[in-house]
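A.B. asks: let me see the structure of the following:
(one chain, ligands or ions: 1)
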Amino acid sequence: MSSSKPTIARNPHSRNQQEEPSTKENEFETSLNSSAHFPPPRTPLNSIPDPTQCHKETHESGFDSKLETTRSGRFSTGTPRVLIRHGKAAQSEPNSAHSTPARSASRNSLGGALGGYATGTRSLQFNKGKDVSFLSSRVSRGISVSNSDFSVEIPHFELDEDPSFWKDHNVQVLIRIRPLSNIEKVSQGYGRCLKQESGHTLLWLGHPETRFTFDHVSCETISQEKLFKVAGLPMVENCISGYNSCMFAYGQTGSGKTYTMMGEINQAECKLSADCGITPRIFEYLFSRIRMEEESRRDEKLRFSCKCSFLEIYNEQITDLLEPSSTNLQLREDLNKGVYVENLTEYNVRTVNDVIKLLQQGAANRKMAATYMNSESSRSHSVFTCVIESWWEKDSMNHFRFARLNLVDLAGSERQKSSGAEGDRLKEAANINKSLSTLGLVIMSLVDLAHGKHKHVPYRDSRLTFLLQDSLGGNSKTTIIANVSPSTCSAHETLSTLKFAQRAKLIQNNAKVNEDASGDVGALQKQIQQLKDQLSFLMKHHDLSRPLCMPSSEGPKLAGQSSEDRRIIDNQSMLSIENKKVKCMEAILAGALRREKLAETAFQKLENEMEHVDQLICQKKEDVQHTKLILRFRDEKIKQLESLIDGSLPADHYLMEENKALKEEIQLLQPRLDKSPELTRFALENIRLLEQLQLFQSFYEQGEREMLLGEISELRDQLLVELERNLKFSSRYESQDNDTVREFEDCRTMNSKLMREVDELLELKTNHDTDSLSKDPEETRQIDICSSVEMISDGSEWGDEMTFFTPTDDISLQNKNNLRTSAASIQSGNTQAELMEARLLIQAMESEQVRLIEELQLMQEHNNMYNELFKEGQQIKRISA
Ligand SMILES: Nc1ncnc2c1ncn2[C@@H]1O[C@H](COP(=O)(O)OP(=O)(O)OP(=O)(O)O)[C@@H](O)[C@H]1O
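C.D. replies: From the prediction side, this is the model:
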């Protein structure tokens with residue numbers, strides 16, 4: 001009953017949990033080949049429902065396995081299917097295992113018939129009163145028999161969809177239990193070797209009973225769609241995000257690998273049927289996601305491309321399933337591409353129908369044969385690959401992402417003894433087993449690696465592992481679907497599959513987003529160009545190219561050029577200087593980085609040397625201790641010799657003591673001899689000198705010297721450019737100096753004139769005062785005003801003075817205005833105060849003079865400095881020439 005058991009919530013801690021302590025799995029390995037170890041029949045473990053209820057359900061489902069088996073042999077279909085498939089139902093019975101040659105049994109349907117399985121309903125029914133011989137056979141093989149004689153409900157466990165799993169995991173292991181097939185029912189009855197306990201755990205019911213925990217355990221009644229949602233859909237999301245992804249189907253022959261990966265495809269309608277497998281569903285979802293992404297990120301101009309290829313590995317040879325004449329293809333390794341198959345055809349695909357066509361075409365070319373376990377057994381490993389690439393633009397950067405999706409349907413593992421294979425089938429089986437055992441070995445080594453043991457991973461021992469090395473322990477998010485049969489007759493194979501899956505759980509992959517940063521160079525260049533444009537724009541509009549104290553009086557020097565022209569010329573020369581500077585800086589930076597690296601290695605070496613020196617110090621300390629001990633021995637010896645001379649010590653006793661002491665001394669001296677610090681020091685010195693020699697050799701031989709010389713000459717050039725530029729500025733300053741001198745002279749003349757003027761005015765005033773005593777005061781006043789107005793307006797003496805000032809010179813203009821006012825006010829008769837004002841003005845003029853002199857001196861100093869620099873530059877030029 002589908003709802004008989006609730007979905008069991010995933011316990012995150014249980015994921016990595018190994019088998020329960022109560023169970024001992026390893027013991028089983030040895031017991032596999034010996035039936036004597038199997039326990040006696042056990043009580044059925046599955047729940048036994050009310051028989052009336054079961055009967056009702058059995059009746060309703062119309063499923064009578066016994067009847068169906070007799071009617072159509074292995075494949076008894078409750079509901080007939082309209083499928084383009086050739087003959088799974090019409091295939092020969094299992095016993096015809098060796099009658100179907102490889103390749104001849106091409107099938108258009110991509111999976112097996114459901115005929116033998118009571119799928120579609122969630123409860124599998126069992127009839128009472130099964131053949132006694134089945135029971136005895138089960139007992140004889142020692143597998144515990146469960147639910148053999150009753151209609152038994154197989155509990156349904158829903159799988160939980162957990163997309164967040166992939167955030168912090170790179171490998172997922174899922175067990176898929178398929179329903180019992182008719183052939184199993186016929187040959188072994190309804191006995192099961194597995195009991196599922198939850199969506200994550202199951203019990204293997206052999207001896208010893210063993211519990212396994214996995215990321216997911218998919219029960220017999222899980223639909224293809226649900227399985228896709230749990231295992232396939234997140235793979236698509238991973239690929240869209242740029243992670244390599246891989247899905248393996250592993251399991252014994254006939255366990256449902258092809259059914260899981262491909263399933264059945266209703267070719268006529270080009271529409272996915274309920275039984276279609278994970279691969280077509282993945283592509284249906286992938287294309288809808290691509291459309292969504294492209295739509296939602298239109299502003300980033302996101303676009304995707306998908307390229308597919310399909311190959312098989314049969315007897316260690318690679319064949320292109322989409323171009324079957326291309327056989328024995330070679331594997332190549334490339335730094336950028338990784339491992340790839342040379343000359344494998346790739347097709348661009350845009351819709352799920354494109355993919356289905358390729359799948360059908362490839363499946364038709366796959367090596368198939370009938371085996372004891374599967375009338376349509378795939379005898380090869382097939383790998384359907386899709387490379388998903390995407391491009392978009394963001395923040396003026398071009399982004400490129402890619403992901404490789406590998407969908408692998410492995411050939412079925414089988415025990416040669418039980419498969420009864422001969423001839424070609426036997427050779428096939430040997431090759432299949434060889435590559436699968438290499439796969440197992442690779443996984444074992446990877447597990448060792450994950451535990452910190454350094455181990456060689458034998459990827460190259462089989463084509464399969466070599467091709468898929470990224471998916472195993474590499475850059476990939478990988479799902480392993482381990483398919484198992486629940487039947488007692490496959491108990492051994494089921495156990496070994498479970499063990500394989502359990503080991504695979506421990507693989508640690510290192511998946512990373514495949515995003516190419518090569519587009520960034522272009523983007524950076526674009527950015528540099530933009531910045532340059534911005535810079536030149538700023539220069540144009542803010543006149544940054546001029547030195548800050550550049551006087552406007554340089555005008556006459558560049559006569560004939562408009563200020564705009566000059567600015568453009570300045571900008572251009574500045575830009576070209578800046579460009580040169582940037583280039584030079586880049587070269588210098590590269591050199592500095594290189595030297596820093598060298599320094600780092602030198603530093604590392606020094607550190608090592610220091611370690612050695614520390615060791616030497618320790619040795620020295622030990623030495624001192626030893627020497628002290630030896631000295632003590634000597635003292636004792638002297639004492640003994642004295643007592644020997646005294647006669648207080650017998651000679652033989654002395655000799656024995658002496659012998660003992662000498663032995664001890666030898667023991668002490670031996671290690672000193674072995675690791676003499678002197679010797680170590682010399683050895684170290686030797687190594688250091690050798691390294692130095694190598695360094696010098698590389699300095700001369702590997703062009704380091706040339707590079708340094710080049711850098712030096714570049715630096716010199718840069719210096720010369722700077723000096724020339726400074727010289728240019730200094731000549732400008734020189735002209736500025738001349739202007740200032742002239743201005744200064746003007747000021748002087750103006751000052752003396754002003755003084756003269758003031759004296760004249762004072763004189764005039766005195767005369768006026770004497771005259772005014774005899775004149776009418778109002779008349780006098782009128783005359784004064786008129787004459788002062790006349791003086792200012794008709795450009796007589798004042799007007800001539802004005803020609804000395806340039807209209808742009810602020811100080812001179814201000815002075816001139818002040819003079820005008822003061823002159824006017826003197827004329828207007830405010831005698832004393834105005835006189836004072838004029839004096840103040842003269843003082844201001846004088847301080848202005850001082851300031852100008854100081855400025856002049858400063859400029860001369862600058863000038864001298866630049867001249868010196870220029871001379872130096874010339875000298876360097878001469879030396880370097
Ligand atoms: N979960 C399932 N539900 C219904 N039918 C299934 C299921 N799994 C497998 N089958 C059927 O079992 C038969 C064998 O399955 P399939 O061919 O997929 O096995 P296989 O593992 O690929 O075998 P081989 O390794 O020999 O190629 C097919 O008829 C298939 O339809």
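
A.B. asks: for the stretch 151-300 of the chain, give me the ranges with low pLDDT.
C.D. replies: 151-152, 266-271 (pLDDT under 70).

A.B. asks: how about it: which residue is closest to the ligand?
C.D. replies: Per Cβ to the nearest ligand atom, G256 is where the stretch 151-300 of the chain lies closest to the ligand, at 2.7 Å. (C-beta placed from N, C-alpha, C; glycine too.)

A.B. asks: spatially nearest residue to that residue (excluding sequence neighbours)?
C.D. replies: Of all residues not flanking G256 in the chain, R178 sits nearest, at 4.0 Å (Cβ to Cβ, 6 or more residues apart in numbering).

A.B. asks: now do the same contact list for the one you found.
C.D. replies: For R178, the contact set (Cβ atoms under 8 Å, 6 or more residues apart in numbering) comprises 117, 220, 255-256, 259, 483-486.

A.B. asks: of those, which belong to strands?
C.D. replies: Counting by DSSP state E, the part of those found in strands is 483-484.

A.B. asks: I'd like the next helix or strand past the longest helix along the chain.
C.D. replies: When the chain is parsed with DSSP state H, its longest helix is helix 563-646. Note on helix 563-646: by DSSP states H and E, the next helix or strand toward the C-terminus is helix 651-674.

A.B. asks: following that following helix, which helix or strand comes up?
C.D. replies: Heading C-terminal from helix 651-674 (DSSP H and E), you reach helix 677-701.

A.B. asks: and the longest helix of the chain, what does it pack against?
C.D. replies: With contacts taken as 3 or more Cβ pairs under 8 Å, 6 or more residues apart in numbering; DSSP states H and E, helix 563-646 sits against helix 519-542, helix 651-674, helix 677-701, helix 704-772.

A.B. asks: and that helix, what's its mean pLDDT?
C.D. replies: For helix 563-646, mean pLDDT is 80.

A.B. asks: cool, and stretch 316-336?
C.D. replies: What stretch 316-336 shows for mean pLDDT is 89.

A.B. asks: what about the stretch 401-550 of the chain, any weak spots by pLDDT?
C.D. replies: Flagging of the stretch 401-550 of the chain using pLDDT under 70 yields the residue ranges 414-426, 428, 517-527, 539-550.

A.B. asks: show me where it has helices.
C.D. replies: Secondary structure of the stretch 401-550 of the chain (DSSP state H, counting those that start in this stretch): helices located at 416-419, 423-450, 463-467, 491-504, 519-542.

A.B. asks: how about those helices in JSON lines, adding mean neighbour count and distance to K605?
C.D. replies: Below are these laid out as JSON lines (neighbours: other Cβ atoms under 10 Å; distance: least, Cβ to Cβ, whole Å):
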{"stretch": "helix 416-419", "mean neighbour count": "14", "distance to K605": "59"}
{"stretch": "helix 423-450", "mean neighbour count": "18", "distance to K605": "31"}
{"stretch": "helix 463-467", "mean neighbour count": "22", "distance to K605": "39"}
{"stretch": "helix 491-504", "mean neighbour count": "22", "distance to K605": "44"}
{"stretch": "helix 519-542", "mean neighbour count": "12", "distance to K605": "35"}
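
A.B. asks: closest one to E642 among these?
C.D. replies: For E642, the closest of the helices of the stretch 401-550 of the chain is helix 423-450, at 67.9 Å, according to Cβ to Cβ.

A.B. asks: so the residue of the stretch 151-300 of the chain closest to the ligand touches I481, yeah?
C.D. replies: No - checked against Cβ atoms under 8 Å, the pair G256 and I481 is beyond contact range at 9.2 Å.

A.B. asks: what do the two both touch?
C.D. replies: Both G256 and I481 are contacted by R176, under the criterion Cβ under 8 Å, 6+ apart.

A.B. asks: tell me what W392 is bridged to.
C.D. replies: Beta-bridge pairing for W392 (DSSP bridges): H399.

A.B. asks: wait, what's in contact with it?
C.D. replies: Counting by Cβ under 8 Å, 6+ apart, W392 touches 297, 300-303, 398-399.

A.B. asks: try it again at 7 Å.
C.D. replies: Contacts for W392 (Cβ atoms under 7 Å, 6 or more residues apart in numbering) come out as 297, 300-302, 399.

A.B. asks: could you dump these to a markdown table with neighbour count, secondary structure and distance to the ligand?
C.D. replies: Shown next, in a markdown table, are these (neighbours: other Cβ atoms under 10 Å; DSSP: H, G, I helix; E, B strand; the rest coil; distance: Cβ to the nearest ligand atom, whole Å):
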| residue | neighbour count | secondary structure | distance to the ligand |
| --- | --- | --- | --- |
| R297 | 15 | coil | 38 |
| E300 | 15 | helix | 42 |
| K301 | 12 | coil | 43 |
| L302 | 19 | coil | 37 |
| H399 | 19 | strand | 40 |
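
A.B. asks: from those residues, which is closest to K580?
C.D. replies: The closest of the contacts of W392, once distances to K580 are taken by Cβ to Cβ, is H399, at 33.4 Å.

A.B. asks: domain ranges for this structure, per the record?
C.D. replies: 12-506, 562-702, 712-880 (automatic domain parsing).

A.B. asks: I177 is in contact with the residue of the stretch 151-300 of the chain closest to the ligand, correct?
C.D. replies: No - using Cβ atoms under 7 Å, G256 is not in contact with I177; the gap is 8.8 Å.

A.B. asks: I'd like to know how many residues surround whichever residue of the stretch 451-600 of the chain sits closest to the ligand.
C.D. replies: Residue nearest to the ligand within the stretch 451-600 of the chain: N483 (5.6 Å; Cβ to the nearest ligand atom). Using other Cβ atoms under 10 Å, N483 has 27 neighbouring residues.

A.B. asks: leaving out chain neighbours, which residue sits closest to it?
C.D. replies: Here the residue nearest N483, using Cβ to Cβ, 6+ apart, is G251, at 3.3 Å.

A.B. asks: near the ligand, anything from the helix or strand containing that neighbour?
C.D. replies: G251 is part of strand 245-251 when elements are defined by DSSP H and E. Yes - Strand 245-251 lies within reach of the ligand by Cβ under 6 Å from any ligand atom, at G251.
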